[in-house]
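Peer 1: Sequence plus the predicted model coming up.
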Amino acid sequence: MREAITRNVTHHQASQLLHNKFVVVLGDSIQRSVYKDLVLLLQRDTHLTLSQLKSKGELSFEQDCLVEGGRLGPMTNGTEYREVRQYRTEHHLVRFYFITRVFSRYMESILADFKDELKPDVVVVNSCLWDVSRYSRNWVSEYKENLHKFFTQLKAVLPMESLVMWNMTMPLGKKIVGGFLIPEIADLGPMLRFDVIEANFYGAMLANAYRLDVLDLHFMFRFSLQHRMKDGVHWNAIVHRQITCLLLAHAAQAWGVELPSHTATDQNKISVLNYTQTTYQSDYGPSCYRTDSGYNGGPIWPQGQQYDGYGPDFYEDGIPTLSQFDVGYFSFGNLEQNNTAHSGGNYSTLPSSSVKPVSAAPSCSANNLVMKQKHTKRQYNPYARQKRNRPCKY
């Protein structure tokens with residue numbers, strides 16, 4: 001996770017990774033900035049400006065369009081505010097829904113769209129801050145019930161190949177100011193940061209129980225508070241680019257696509273995605289790259305030449321396809337064919353025989369404290385109820 005967030009995903013890598021993918025972002029104003037940064041990265045390698053981060057409901061942002069709500073309707077800070085945005089090109093489709101509750105009648109209408117129309121390949125969702133502050137002061141039981149309803153219906157609507165990422169809410173400041181904190185709930189301001197931690201625990205545990213992917217942004221940015229805005233809620237463009245890179249790196253790992261490191265020796269090859277067999281390899285990678293022979297286990301071209309990252313497919317307007325991905329799959333226009341074909345991945349891991357054993361460290365008689373072999377690190381979830389056994393001190 002630490003490596004994923006420090007990885008710099010470029011414009012070309014993001015464009016290739018999300019080629020002919022339908023991405024949906026659900027959430028509040030922070031999720032809207034996640035959508036905006038993703039749309040911007042699909043076009044060029046620049047960061048969001050301060051005005052772009054603060055704007056809401058604009059008619060157009062970086063060649064996207066306002067579909068519903070926003071400036072087309074009443075501009076309010078209430079729970080009835082709506083905003084639906086969409087960025088669409090020949091090979092990319094990204095949509096954003098502004099929601100103030102994880103499950104409601106409005107959410108049911110969104111899920112109905114997924115059921116009857118084009119189904120998303122990637123769903124990035126978060127709903128927490130409005131749920132715990134704007135509907136009821138005793139929010140715990142209702143929030144849990146709404147999470148159950150949302151996850152149940154979302155799993156029923158989406159195909160198994162769809163990748164769903166639940167973003168945990170980021171750390172709040174001690175003092176919250178701005179349009180979000182209306183006078184009716186001003187007294188809740190000092191306690192909201194603690195309520196968010198509790199709500200994050202419920203959301204993460206339930207999302208994990210429904211076998212969804214959970215990204216703990218609260219833990220990841222707990223030491224990046226210098227990048228939080230003065231209102232105590234929102235974050236600057238640097239953090240949002242890190243979030244985008246984290247989301248894309250997670251999607252690449254789920255699909256078995258290896259993102260080249262920014263420390264590569266040949267900087268001209270950084271923009272090329274490497275479809276080598278990784279631990280999380282799926283059916284997404286082109287068949288011509290799949291071989292067990294080659295120098296250092298690398299992929300071999302059918303002609304027997306070593307793959308250097310630049311093949312004939314790199315210079316074409318498209319990506320290599322598998323037999324199950326027909327022409328209808330690579331078209332946003334034909335909704336009926338698109339509804340029945342999604343790339344995704346089977347998330348199957350490689351057999352244990354392909355994993356190279358870890359060799360023991362060389363023995364040295366002069367120092368008996370040298371670790372002779374690599375020990376498996378014990379998995380520990382900081383948000384779990386069960387803590388590690390600690391010796392009692394009397």
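Peer 2: Structure's in. What do you need?
Peer 1: How about the backbone phi and psi for Trp235?
Peer 2: Here is the backbone geometry of Trp235 (degrees, to the nearest 10): phi -130, psi 160.
Peer 1: Ok, Leu215 next?
Peer 2: Here is the backbone geometry of Leu215 (degrees, to the nearest 10): phi -110, psi 110.
Peer 1: Could you count how many residues lie near it?
Peer 2: Using other C-beta atoms under 10 Å, Leu215 has 22 neighbouring residues. C-betas here are computed from N, CA, C, even on glycine.
Peer 1: where does it sit relative to Asn200, distance-wise?
Peer 2: Relative to Asn200, Leu215 is positioned 11 Å away (C-beta to C-beta, to the nearest Å).
Peer 1: In this structure, mark out all the strands, start to finish.
Peer 2: For the chain, the strands defined by DSSP state E occupy 21-27, 65-69, 83-88, 92-98, 122-125, 163-167, 213-215.
Peer 1: Columns distance to His148 on top of these, output as TSV?
Peer 2: As requested, those are exported to TSV (distance: least, C-beta to C-beta, whole Å):
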stretch	distance to His148
strand 21-27	17
strand 65-69	27
strand 83-88	25
strand 92-98	20
strand 122-125	15
strand 163-167	13
strand 213-215	16
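Peer 1: closest to Val196 out of those?
Peer 2: Val196 lies closest, by C-beta to C-beta, to one member of these: strand 163-167, at 12.5 Å.
Peer 1: Compute the first-to-last residue distance for stretch 115-126.
Peer 2: Counting by C-alpha to C-alpha, to the nearest Å, you get 20 Å between the two ends of stretch 115-126.
Peer 1: Over to stretch 66-76?
Peer 2: For stretch 66-76, the first-to-last residue distance is 16 Å (C-alpha to C-alpha).
Peer 1: Return the set of buried residues in it.
Peer 2: If you call a residue buried by 16 or more other C-beta atoms under 10 Å, then stretch 66-76 has these buried ones: Leu66, Gly69, Gly70.
Peer 1: Can you give the contact residues for it?
Peer 2: The contact list for stretch 66-76, computed with C-beta atoms under 8 Å, 6 or more residues apart in numbering, reads 56-60, 80-86, 95, 98.
Peer 1: try 7 Å
Peer 2: By C-beta atoms under 7 Å, 6 or more residues apart in numbering, the residues outside stretch 66-76 that reach it are Gly57, Glu58, Leu59, Ser60, Tyr81, Arg82, Glu83, Val84, Arg85, Gln86, Phe98.
Peer 1: What about the last one, how many residues nearby?
Peer 2: Counted by other C-beta under 10 Å, the residues lying close to Phe98 total 23.
Peer 1: swap in the third one?
Peer 2: As a burial measure, the neighbour count of Leu59 was computed by other C-beta under 10 Å and equals 10.
Peer 1: nearest spatial neighbour of it, skipping sequence neighbours?
Peer 2: Nearest non-adjacent residue to Leu59, counting by C-beta to C-beta, 6 or more residues apart in numbering: Leu66, 5.1 Å away.
Peer 1: Distance of that neighbour relative to Gln226?
Peer 2: Distance from Leu66 to Gln226, by C-beta to C-beta: 33 Å.
Peer 1: related to what we said a few turns ago, the residue nearest to Leu59 pairs with what?
Peer 2: Taking DSSP bridges as the rule, Leu66 bridges to Arg85.
Peer 1: And Val94, by the same measure?
Peer 2: On the basis of DSSP bridges, Val94 is bridged to Val23, Tyr87.
Peer 1: Hmm, it is touching Val23, no?
Peer 2: Yes: applying C-beta atoms under 7 Å, one finds Val94 in contact with Val23, separated by 4.7 Å.
Peer 1: Next, show the common contact partners of these two.
Peer 2: Residues touching both Val94 and Val23 (C-beta under 7 Å, 6+ apart): none.
Peer 1: hmm, back to that, give me the common contacts of Leu215 and Asn200.
Peer 2: Contact with both Leu215 and Asn200 is made by residues Met168, according to C-beta under 7 Å, 6+ apart.
Peer 1: how many neighbours does Ala138 have?
Peer 2: That one is not Ala; residue 138 is Asn. As a burial measure, Asn138 scores 8 neighbours (other C-beta under 10 Å).
Peer 1: who's in contact with it?
Peer 2: By C-beta under 7 Å, 6+ apart, the contact set of Asn138 is empty.
Peer 1: Can you tell me what sits against the single longest helix found in the chain?
Peer 2: Across the chain, the longest stretch assigned as helix under DSSP state H is helix 189-209. By C-beta under 7 Å, 6+ apart, the residues outside helix 189-209 that reach it are 128-129, 131-133, 143-144, 147-148, 151, 166, 168-169, 171-172, 174-176, 181, 214, 216, 218, 383.
Peer 1: what's the angle between it and strand 163-167?
Peer 2: Relative orientation of helix 189-209 versus strand 163-167 (axes from the mean of the first three to the mean of the last three C-alpha atoms, to 10 degrees): 160 degrees.
Peer 1: picking up where we left off before, Produce a ChimeraX select command limited to the buried residues of the contacts of helix 189-209.
Peer 2: Filtering the contacts of helix 189-209 down to the buried ones (16+ other C-beta under 10 Å) takes a single ChimeraX command:
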select :128,129,131,132,133,143,147,151,166,168,169,171,172,176,181,214,216,218,383
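Peer 1: Would you quantify the distance from the nearest residue to Leu181 once chain neighbours are set aside to Thr79?
Peer 2: Leaving aside its chain neighbours, Leu181 sits nearest to Gly189 (5.6 Å; criterion: C-beta to C-beta, 6+ apart). Between Gly189 and Thr79 the computed distance is 18 Å (C-beta to C-beta).
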